[in-house]
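Peer 1: structure for this input, please:
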Amino acid sequence: MPHILIADDEDSLRWVLEKGLRKAGYEVTSVKDGTAAIRAVEGQPFDLVFLDIRMPGVDGLAALARMREARPDACVVVMTAHGTMETAIQAMQRGAYDYLTKPFDLDEVLLLAERALEAGRLTLEVARLRTGLQEVREFSALIGRHPRMQDVYKTIGRIAGTDVTVLLRGESGTGKELVARAVHHYSRRAGRPFVAVSCAAIPGTLLESEMFGHERGAFTDAKERRLGKFELAHGGTLYLDEIGDMPLELQSKLLRALQERTIERLGGHEPIRVDVRVLAATNRDLEVAMRDGKFREDLYYRLNVVTLSLPPLRERRRDIPLLVDHFLAKYATELGERGVAPDALDRLVG
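Peer 2: Below you'll find the model as predicted:
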């Protein structure tokens, strides 16, 4: 059921819109000022927002800018009274989907809502198709006929349609991120964001801000609010690479986010609901890390709902000719036709 937000300081108009949209089968949330509208959009995604231009405190234009910052894909219809057409045009230039001129009747609102939601669905479908084309190219590197790889493919097929947390294990270079992207692509979250974070590449002092975001003034260099990877991945998949390198103090915050499905930005006090599927990967022995007190046992069991172990290439040497053919074809346009001498291939396969 599509979820619609109404933001208007006129009680009677809010009541009419809310009643009419609910009767038409929509889930509706209503607020009476710009600040509350911004807070609502930052807290959760809405399929459509009806936003009045003239409201006390934060006006509609400022609220629209904040909404688009928090949710770049937000679909917003501005509502304007006679004599404020210039403002409505400014709103369109700032990313509003359409505008309604007051006074309007309910049929006009319902028609516009239907049109806006359909446009949103089409936009999402286009994004999904584009993502699919890109990922088809990427997954072509996920190659192998070895029984271990066949087991990997079967597991991807079993778990992709669920929302279970997955722990990908394997040495560096075994294709953990490719598998994570495949799980995302074949899930109901396909077309939504796939956001990757390397827990090893980012210093521990910055990783918390990178993952959970921060408010303006949260620390010395925080000159503006920034969304973290959890929020950016809302509705999609968050891939945590090298989870075994995450600092112990940050592990507890990650565990809380997984359990409660909410986060707090650094310097913030409001819980923010997030809807993400978490896929984690490591090349470390997490069982040893737990015994050494470097990895939380409760986080381990929260992440390790399903394990996917990827074999190194030395354990599936029969797949080397397939990979050689793949990479020769991939770079043929750039480098011209190339081949590998049979003796060289025999040496590679061993």
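Peer 1: how about the most centrally placed residue in the chain, phi and psi?
Peer 2: The residue lying closest to the centre of the chain (Cα atoms, centre = their mean) is A233, at 2.0 Å. Phi and psi for A233, reported as degrees, to the nearest 10, are phi -90, psi 10.
Peer 1: quick check, it in contact with R189.
Peer 2: No - applying Cβ atoms under 8 Å as the test, A233 and R189 come out as separate, 9.3 Å apart. (Glycine included, C-beta is placed from N, CA and C.)
Peer 1: what segments of the stretch 101-250 of the chain are helices?
Peer 2: 106-139, 147-159, 176-185, 204-212, 229-232, 248-260 (DSSP state H, counting those that start in this stretch).
Peer 1: of all these, which lies closest to E297?
Peer 2: Minimum separation from E297 across the helices of the stretch 101-250 of the chain (Cβ to Cβ) falls at helix 248-260, 10.3 Å.
Peer 1: need the residues that contact stretch 203-216.
Peer 2: Residues from elsewhere that reach stretch 203-216 (Cβ atoms under 8 Å, 6 or more residues apart in numbering): 197, 199, 202, 218-219, 222-231, 246-247, 250, 253-254, 257, 263-268.
Peer 1: the residue nearest to the centre of the chain - nearest residue in space that isn't next to it in sequence?
Peer 2: Using Cβ to Cβ, 6 or more residues apart in numbering and skipping the chain neighbours, the partner closest in space to A233 is V195 (3.9 Å).
Peer 1: partners of the one you found in the sheet?
Peer 2: Beta-bridge pairing of V195 under DSSP bridges involves L238.
Peer 1: hmm, it is touching E231, no?
Peer 2: No - under the criterion of Cβ under 8 Å, V195 makes no contact with E231, lying 9.4 Å away.
Peer 1: so D275 versus T333, what's the distance?
Peer 2: 40 Å (Cβ to Cβ, to the nearest Å).
Peer 1: who has more neighbours out of those two?
Peer 2: D275 (15 against 8; other Cβ atoms under 10 Å).
Peer 1: burial of the residue lying closest to L254 once chain neighbours are set aside, as a residue count?
Peer 2: What sits nearest to L254 in space, not counting adjacent residues and going by Cβ to Cβ, 6+ apart, is L299, at 6.5 Å. Using other Cβ under 10 Å, L299 is surrounded by 22 other residues.
Peer 1: again with R216
Peer 2: Counted with other Cβ under 10 Å, R216 comes out at 11.
Peer 1: likewise for K253?
Peer 2: Residues near K253, counting by other Cβ under 10 Å: 16.
Peer 1: if I pick it, what's in contact with it?
Peer 2: 208, 212.
Peer 1: from V78, how far out is A37?
Peer 2: Counting by Cβ to Cβ, the gap from A37 to V78 is 12 Å.
Peer 1: give me the common contacts of those two.
Peer 2: Common contact partners of A37 and V78 (Cβ under 8 Å, 6+ apart): L51.
Peer 1: pull out the buried residues from the contacts of stretch 203-216.
Peer 2: Buried by 16 or more other Cβ atoms under 10 Å: 197, 199, 202, 218, 222, 225-231, 246, 253-254, 257, 263-266, 268, out of the contacts of stretch 203-216.
Peer 1: about what we covered before: wait, which of the helices of the stretch 101-250 of the chain is closest to G350?
Peer 2: Per Cβ to Cβ, nearest to G350 of those: helix 147-159, 16.9 Å.
Peer 1: what's the angle between that closest one and helix 176-185?
Peer 2: 30 degrees (axes from the mean of the first three to the mean of the last three Cα atoms, to 10 degrees).
Peer 1: what is helix 147-159 packed up against?
Peer 2: helix 176-185, strand 306-309 (3 or more Cβ pairs under 8 Å, 6 or more residues apart in numbering; DSSP states H and E).
Peer 1: check these for me and report the most buried one.
Peer 2: helix 176-185 (a mean of 22; mean count of other Cβ atoms under 10 Å).
Peer 1: now do that one: distance to the chain's middle.
Peer 2: 14 Å (Cα atoms, centre = their mean, to the nearest Å).
Peer 1: please write out the alpha-carbon positions of stretch 54-69 in CSV.
Peer 2: The C-alpha trace of stretch 54-69 is given here as CSV (Å, rounded to 0.1, in the frame of the first residue of the first chain):
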residue,chain,number,x,y,z
ARG,A,54,3.2,28.6,3.0
MET,A,55,3.7,27.2,6.4
PRO,A,56,4.9,28.6,9.7
GLY,A,57,8.5,28.1,10.7
VAL,A,58,10.3,26.2,7.8
ASP,A,59,8.4,27.1,4.6
GLY,A,60,7.7,24.7,1.8
LEU,A,61,10.7,25.6,-0.4
ALA,A,62,13.2,25.1,2.4
ALA,A,63,11.4,21.8,3.4
LEU,A,64,11.5,20.6,-0.2
ALA,A,65,15.3,21.2,-0.3
ARG,A,66,15.8,19.3,2.9
MET,A,67,13.6,16.4,1.8
ARG,A,68,15.5,16.1,-1.5
GLU,A,69,18.7,16.1,0.4
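Peer 1: in that stretch, what counts as buried?
Peer 2: So stretch 54-69, judged by 16+ other Cβ under 10 Å, has buried residues 54-55, 58-61, 63-64, 66-68.
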